[in-house]
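Q: After the sequence you'll find the predicted model.
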Amino acid sequence: MAEEADIGAVSGRYWHEVDDGRLQCDICPRFCKLREGQRGLCFVRARQNDEIVLTTYGRSSGFCVDPIEKKPLNHFLPGTSVLSFGTAGCNLACKFCQNWDISKSNEFDKLQASASPETIAEAALETGSRSVAFTYNDPAIFLEYAVDVAAACRERGIKTVAVTAGYITEKPREECFRHMSAANVDLKAFTERFYWKVCGGHLEPILETIKYLKHETDVWFELTNLLIPGENDSETEIDEMTQWVMEHLGPDVPLHFTAFHPDWKMRNMPGTPLQTLFRSRDIALENGLRYVYTGNVHDFKGSSTYCHNCGDIVIGRDWYELSAWNIVSEDGKGSCGNCGTPVAGVFDCPPSGKPRPGPVGI
């Protein structure tokens, strides 16, 4: 683990020299090749003194205590609080980014410079948070920092959550998720066109990350798909995507369809109609998925969790507020309180209090 005195730039673990003397960053499929003084597209990994370094170790863009459902995770310790934080930069270039002021920030003087791994873990304990989420920007690009925070949290019994686009290469992926308890993967679309034209990336590496999580780890994970009118919301695309999920992941991986709100470089686009969310959820259910949600809207039906056997509501929700709890839990596993059918996820006793959202000073 890096020492607290090393806040700022620390040596990166995944890079190598190429034939022309440049150093190639191997964290993500961009494989940025850098000369001395240059930064990668993510802006936070740079070449300094003939090595690739992470320039934002120990520096955060801010902290907030959120409901875990905001990540969104509906089947991982529902009703509990999570301490959310991120750094700066991103290795994708999504034109619709709703955290663009953080993920695209080149102004490092805005980052707090006192967020050591131990400080974050202690803050989670002090705020009553059951977990810490790496969010706002992608933990893939601040891997060394995220791993050290996860280790400090584990020592204190705190879970860790990666909110990620999944744009990461094989070896860093293995290290990253070896330290995570849960993840939400943003499956932004199901076409290469969208990923290249709108996000500046590629689809296949994300699909590889998702399959890796399912078949080679015990990390609990859920998927999110932000529906942008005219871009990734056709019934054909939703049908193909949910069939792929069913075939490669099975029926129990929760899928969240969330509403788009105009932002950053797509301010001229309309918001997502409710009917698009409803129809997408119907298609996913018709294709065999058991836990399909609508998000960023008030929709009790689409926010609640149902037993796939008897149809009873096992967790009632509206946005992030829980209104019903009919799950019997033991040893982290849950089952329907009516018929006893297992409910996929990681569950604890019924939440005794509401999450306490709000900023945290560290």
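A: All right, it came through fine.
Q: Can you show me the helices along the stretch 1-150 of the chain?
A: 100-103, 117-126, 143-155 (DSSP state H, counting those that start in this stretch).
Q: can I get the ones you listed in TSV with distance to Val161?
A: In short, each C-beta sits where N, CA and C put it, glycine included. Below are the helices of the stretch 1-150 of the chain laid out as TSV (distance: least, Cβ to Cβ, whole Å):
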stretch	distance to Val161
helix 100-103	17
helix 117-126	11
helix 143-155	10
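Q: most packed of those helices?
A: helix 143-155 (a mean of 22; mean count of other Cβ atoms under 10 Å).
Q: And the next helix or strand past it?
A: Sequence order places strand 159-164 as the next helix or strand after helix 143-155, per DSSP states H and E.
Q: so what does the very next helix or strand once past that following strand touch, helix or strand wise?
A: Moving toward the C-terminus from strand 159-164, the next helix or strand (DSSP H and E) is helix 170-178. Helices and strands touching helix 170-178, by 3 or more Cβ pairs under 8 Å, 6 or more residues apart in numbering; DSSP states H and E, are helix 143-155, helix 204-216.
Q: Could you pull up the mean pLDDT of the last one?
A: In this model, helix 204-216 carries a mean pLDDT of 98.
Q: contact partners of that helix?
A: Contact with helix 204-216 is made by 28-29, 164-169, 173, 177, 183, 185, 187-188, 192, 195, 219, 221, 223, 244, 248-250, 253, as judged by Cβ atoms under 8 Å, 6 or more residues apart in numbering.
Q: pLDDT weak spots in the stretch 151-300 of the chain?
A: Within the stretch 151-300 of the chain, the segments meeting pLDDT under 70 span 264-266.
Q: need the helices for it, in chain order.
A: According to DSSP H, counting those that start in this stretch, the stretch 151-300 of the chain carries its helices in the segments 170-178, 192-194, 204-216, 235-249, 274-286, 300-303.
Q: how's the protein carved up into domains?
A: 4-56, 301-352 (automatic domain parsing).
Q: what's the distance between the last one and the middle of its chain?
A: Counting by Cα atoms, centre = their mean, to the nearest Å, domain 301-352 is centred 22 Å from the centre of its parent chain.
Q: So what's the model's average confidence on that domain?
A: Per-region confidence: domain 301-352 scores 93 on mean pLDDT.
Q: Stretch 130-144 too?
A: Here stretch 130-144 scores 95 as its mean pLDDT.
Q: circling back to that earlier point, just send the helices and strands packed on helix 170-178 back as TSV, with distance to Leu92 too.
A: TSV is the format used below for these (distance: least, Cβ to Cβ, whole Å):
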stretch	distance to Leu92
helix 143-155	16
helix 204-216	10
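Q: right, so of those, which gets closest to Pro342?
A: helix 204-216 (17.4 Å; Cβ to Cβ).
Q: picking up where we left off before, can you select the buried ones among the contacts of helix 204-216 for me in PyMOL?
A: In PyMOL, a selection of the buried entries from the contacts of helix 204-216 looks like this (16 or more other Cβ atoms under 10 Å):
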select buried, resi 28+164+165+166+167+168+169+173+177+183+185+187+188+195+219+221+223+244+249+253
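Q: Which among the helices of the stretch 151-300 of the chain is found nearest to Tyr145?
A: For the helices of the stretch 151-300 of the chain, the distance to Tyr145 is smallest for helix 170-178, at 11.2 Å, taking Cβ to Cβ.
Q: thinking again about what came up before, just send the domains of the chain back as CSV, with distance to Thr294 too.
A: Listed next are those as CSV, based on distance: least, Cβ to Cβ, whole Å:
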stretch, distance to Thr294
domain 4-56, 30
domain 301-352, 3
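Q: Wait, Ile327 touches Ile313, no?
A: No: the pair Ile327 / Ile313 is not scored as a contact, 10.2 Å apart, by Cβ atoms under 8 Å.
Q: the more surrounded of the two?
A: More neighbours surround Ile327 than the other of Ile327 and Ile313, with 21 against 18 (other Cβ atoms under 10 Å).
Q: beta partners of the more buried one?
A: Per DSSP bridges, the residues bridged to Ile327 are Cys336.
Q: how near is His256 to Ser323?
A: 18 Å (Cβ to Cβ, to the nearest Å).
Q: let me redo that: Thr169
A: Between Thr169 and Ser323 the distance is 42 Å, computed by Cβ to Cβ.
Q: Skip the chain neighbours and tell me the closest residue to Thr87.
A: Thr56 (4.3 Å; Cβ to Cβ, 6 or more residues apart in numbering).
Q: number of nearby residues for the one you found?
A: If you count neighbours by other Cβ under 10 Å, Thr56 ends up with 29.
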